[in-house]
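Undergrad: based on what follows, work out the 3D shape:
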Amino acid sequence: MKRIAIAAVALLALVLVGSAIAGGQPVFRLVDKSLTPEFDLTSSTCPNLPEGTAIHGTGTGTSITTVMIHRNGVETIMNTTHEFGTATDQAGNVYVFQ
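TA: Numbers count the residues shown, from 1 in each chain. Alright, predicted model coming up:
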């Protein structure tokens, strides 16, 4: 959560500096969404996996979308999504994704 706060402050600073240079004050909003990614991969759905391989993964994540509407009507949409978790194959091997 601390990283998100730091990122939000840094983004706000960039927006304020950018709007001062452009000569207008953009209107913006942040949409913060918590994610719980879960997936299954098998050798039948992914040709890069060896025959008979099955992998199940779960994790957590956050998606932050910023929408800015500038004085001249131009709309800028930015999204940053980070997901972290683990995946386990049929042999019990554990993998980390981030």
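
Undergrad: which parts of stretch 47-65 are buried?
TA: Within stretch 47-65, the residues that qualify as buried are 55, 57, 59, 62, 64, counting by 16 or more other C-beta atoms under 10 Å. (Glycine included, C-beta is placed from N, CA and C.)

Undergrad: try stretch 81-89
TA: Neighbour-count burial for stretch 81-89 flags 85, 87, 89 (criterion: 16+ other C-beta under 10 Å).

Undergrad: picking up where we left off before, of the buried residues of stretch 47-65, closest to residue 35?
TA: Ranking those by separation from residue 35, with C-beta to C-beta as the measure, puts residue 62 on top at 6.5 Å.

Undergrad: tell me what the closest one is bridged to.
TA: When bridges are called by DSSP bridges, residue 62 pairs up with residue 34, residue 82.

Undergrad: ok, it - contacts?
TA: Contacts here follow C-beta atoms under 8 Å, 6 or more residues apart in numbering; on that basis residue 62 touches 4, 32-35, 81-82.
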